[in-house]
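Novice: Provide a 3D model corresponding to the input given below.
(one chain, ligands or ions: 2)
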Amino acid sequence: MLRNVSILSMVLVFTASYLSCGSSKSVNRSVGKKPKNIIFLIGDGMGLTQISTLFMERDNTSSFERFKSIGFINTPSGSHKITDSAAGATAFSCGVKTYNNAVGMGLDTTPVTNLVELFSEQRYKIGMVATSSITHATPASFYAHASHRNKHYDIAGQLLSSSVDFFAGGGKKFFRDLDRESKLYNWQIDSSFCCSIPDSLELDPEKKYGYLLASDGMPKMSESRGDFLKTASLAALNYFDKDPYFIMIEGSQIDWGGHSNDYDYVVSELKDFDQTIDAILDYAEKDKNTLVVVTADHETGGLSLGGPQYVDSNGKKRQRYNAIEPSFNTGGHTSTLIPVFAYGPGAEHFQGVYENNEIFNKIKALMR
Ligand code: MG
Ligand code: ZN
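Specialist: Ligands and ions are numbered 1, 2, ... in the order given. Purely as a prediction, here's the structure:
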């Protein structure tokens with residue numbers, strides 16, 4: 001009996017201290033803190049192997065070492081074991097696993113509410129920056145609804161009438177009636193600088209700004225795109241500054257390098273993405289109120305970092321370990337798990353292993 005009483009009192013003491021701990025203000029404050037701004041970066045086609053190349057090729061550290069909250073996503077689409085970029089981005093922006101080629105639509109081809117619509121309802125400013133055409137599958141899935149990613153003209157029209165406030169990328173040829181529509185929706189469209197946007201731009205926060213700097217995709221890094229991705233992203237941050245904002249930034253061409261099985265193309269695009277992340281993290285470190293999430297829709301190319309192979313004197317296949325000879329095993333996408341890196345208020349929610357469309361729920365839960 002005495003023993004039972006002492007166990008009971010221990011349980012009561014434990015319960016009381018647990019409850020007081022759970023209700024203490026300091027605990028609640030750190031768990032419930034929401035960021036003012038959310039910056040979502042997508043390296044299209046960037047698997048763990050692509051990121052690993054930065055560790056082989058780098059002169060100094062990569063931006064990825066600055067993240068402490070890391071997770072993994074499983075990326076199959078609603079129709080295929082291997083996703084395309086439209087279904088991959090729709091999972092992020094609408095929270096549904098849909099069919100490959102779908103832009104902001106579900107399996108039944110009906111539009112699904114996207115993050116741009118949700119953020120604009122909460123009066124966030126919204127930015128889109130990409131090194132592809134701004135109407136390409138990844139950015140399009142955040143602001144448009146189309147039954148197929150190839151409907152570029154339709155998607156371009158939807159961008160101008162959407163709640164997006166700032167965009168930069170290529171795709172000028174897809175905007176049919178640019179003068180009339182930009183006046184109608186109060187856009188200042190600039191297509192004069194290719195490829196860097198000056199970082200001292202004086203932008204009027206009452207207007208909307210679009211930079212269409214190439215007819216279709218932006219030039220490759222190797223074709224002197226320069227620091228477009230970084231400067232356009234920083235221009236968006238500085239433009240929004242005081243208002244809460246959501247910005248999607250895409251390193252679009254890591255994927256294109258993978259499709260071409262062109263290792264140098266992959267690495268140069270990845271380095272560009274890496275230096276953009278670095279600049280964004282510098283900003284977020286100072287700001288302390290911005291969540292930065294970096295991930296990819298899928299891996300492209302089946303990139304592998306094995307050593308050179310040779311056949312020994314017994315006719316056996318062997319591999320040297322003293323060098324790395326990158327190789328690709330497909331011209332398409334693969335289904336490997338994709339890493340997610342997060343920094344800032346709410347970053348801890350992105351830890352763990354989960355499905356790609358969970359990203360949508362996590363971001364939505366962190367809206368103010
Ligand atoms: Mg893309
Ligand atoms: Zn692709």
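
Novice: Chain neighbours aside, what residue packs nearest to Pro198?
Specialist: Setting aside the residues directly before and after it, Pro198 is nearest to Thr231 in space (CB to CB, 6 or more residues apart in numbering), at 7.3 Å. Placement of C-beta: from N, CA and C, glycine included.

Novice: Then Tyr310?
Specialist: Taking CB to CB, 6+ apart as the measure, Tyr310 lies nearest to Arg318, with 5.9 Å between them; neighbours along the chain are not counted.

Novice: ok, the nearest residue to Pro308 once chain neighbours are set aside to ligand 1 distance?
Specialist: For Pro308, ignoring the flanking residues on the chain, the nearest one in space by CB to CB, 6+ apart is Glu325 at 4.5 Å. Glu325 sits 28 Å away from ligand 1, going by CB to the ion, to the nearest Å.

Novice: Ok, Val293 next?
Specialist: Taking CB to the ion, one finds Val293 at 16 Å from ligand 1.

Novice: Could you say which helix or strand holds the residue nearest to Tyr310?
Specialist: Counting by DSSP states H and E, the element that carries Arg318 is strand 317-319.

Novice: Please enumerate residues in contact with that strand?
Specialist: The list of residues contacting strand 317-319 from outside it, by CB atoms under 8 Å, 6 or more residues apart in numbering, reads Gly306, Gly307, Pro308, Gln309, Tyr310, Val311, Asp312.

Novice: cool, stretch 180-199 as well?
Specialist: Taking CB under 8 Å, 6+ apart as the criterion, the residues outside stretch 180-199 that touch it are 157, 160-161, 168, 172, 175, 178, 207-214, 218-219, 224-228, 231-232, 234-235, 238.

Novice: 6 Å instead, please
Specialist: In this structure, residues lying in contact with stretch 180-199 by CB atoms under 6 Å, 6 or more residues apart in numbering are 160-161, 172, 207-213, 225-228, 231-232, 234-235.

Novice: One more: stretch 83-95?
Specialist: Residues contacting stretch 83-95 (CB under 6 Å, 6+ apart): 44, 75, 77, 97-98, 100-104, 112, 114-115, 137-138, 141-142, 149, 297-298, 356-357, 359-361.

Novice: ditto for stretch 214-226
Specialist: Taking CB under 6 Å, 6+ apart as the rule, stretch 214-226 contacts Thr131, Ser132, Ser133, Gly170, Lys172, Lys173, Cys195, Ser196, Ser268, Glu269, Asp272.

Novice: Filter those down to just the buried residues.
Specialist: Thr131, Ser132, Ser133, Gly170, Lys172, Cys195, Ser196, Ser268, Glu269, Asp272 (16 or more other CB atoms under 10 Å).

Novice: quick one: the third one and Gly170 touch, right?
Specialist: Yes: between Ser133 and Gly170 there is a contact under CB atoms under 6 Å: 4.7 Å.

Novice: what number of residues lie near the residue in the chain that ligand 1 sits nearest to?
Specialist: Distances from the chain to ligand 1, computed as CB to the ion, single out Thr138 as the nearest residue at 3.2 Å. The tally of other residues near Thr138 (other CB atoms under 10 Å) stands at 28.

Novice: I'd guess it is in a strand, am I close?
Specialist: No: assignment of Thr138 by DSSP: H, G, I helix; E, B strand; the rest coil gives helix, placing it outside any strand.

Novice: which SS class is Ser79?
Specialist: Of the three states, Ser79 takes coil under three-state DSSP.

Novice: What residues does this structure have near ligand 1?
Specialist: For the chain, the contact set with ligand 1 under CB under 5 Å from the ion comprises Asp44, Ser85, Thr138, Ser252.

Novice: Quick check: phi and psi on the first one?
Specialist: It stands for Asp44. With angles defined as degrees, to the nearest 10, Asp44 shows backbone torsions of phi -60, psi 130.

Novice: hang on, it packs against Ser252?
Specialist: Yes: using CB under 6 Å, Asp44 is in contact with Ser252, at 5.1 Å.

Novice: picking up where we left off before, I'd like to know which of the residues of the chain next to ligand 1 is nearest to Lys36.
Specialist: The shortest separation between Lys36 and any of the residues of the chain next to ligand 1 is 24.7 Å, and it belongs to Thr138 (by CB to CB).

Novice: give the contact list for Met270.
Specialist: Wrong residue type there; residue 270 is Leu, not Met. Gln50, Ile254.

Novice: run the last query once more with 8 Å
Specialist: The contact partners of Leu270, taken as CB under 8 Å, 6+ apart, are Gly43, Met46, Gln50, Ile51, Thr53, Leu54, Gly251, Ile254.

Novice: Of all pairs in those residues, which one is the farthest apart?
Specialist: Looking at these by CB to CB, the two members farthest from one another are Thr53 and Gly251, with 13.4 Å of separation.

Novice: of these two, who's got more company?
Specialist: Gly251 (29 against 19).

Novice: Thr131 versus the more buried one, what's the distance?
Specialist: With distances taken as CB to CB, to the nearest Å, Gly251 is found 6 Å from Thr131.

Novice: Can you pull the residues that touch both of these two?
Specialist: Jointly contacting Gly251 and Thr131 under the rule CB under 8 Å, 6+ apart are Leu229, Glu269, Asp272.

Novice: In this structure the first one contacts Ser252, no?
Specialist: No: Leu229 is not in contact with Ser252 according to CB atoms under 8 Å; the separation is 9.2 Å.

Novice: what do the two both touch?
Specialist: Overlap between the neighbourhoods of Leu229 and Ser252 consists of Thr131, taking contacts as CB under 8 Å, 6+ apart.

Novice: Check whether Leu41 sits in a helix, strand or coil.
Specialist: strand.
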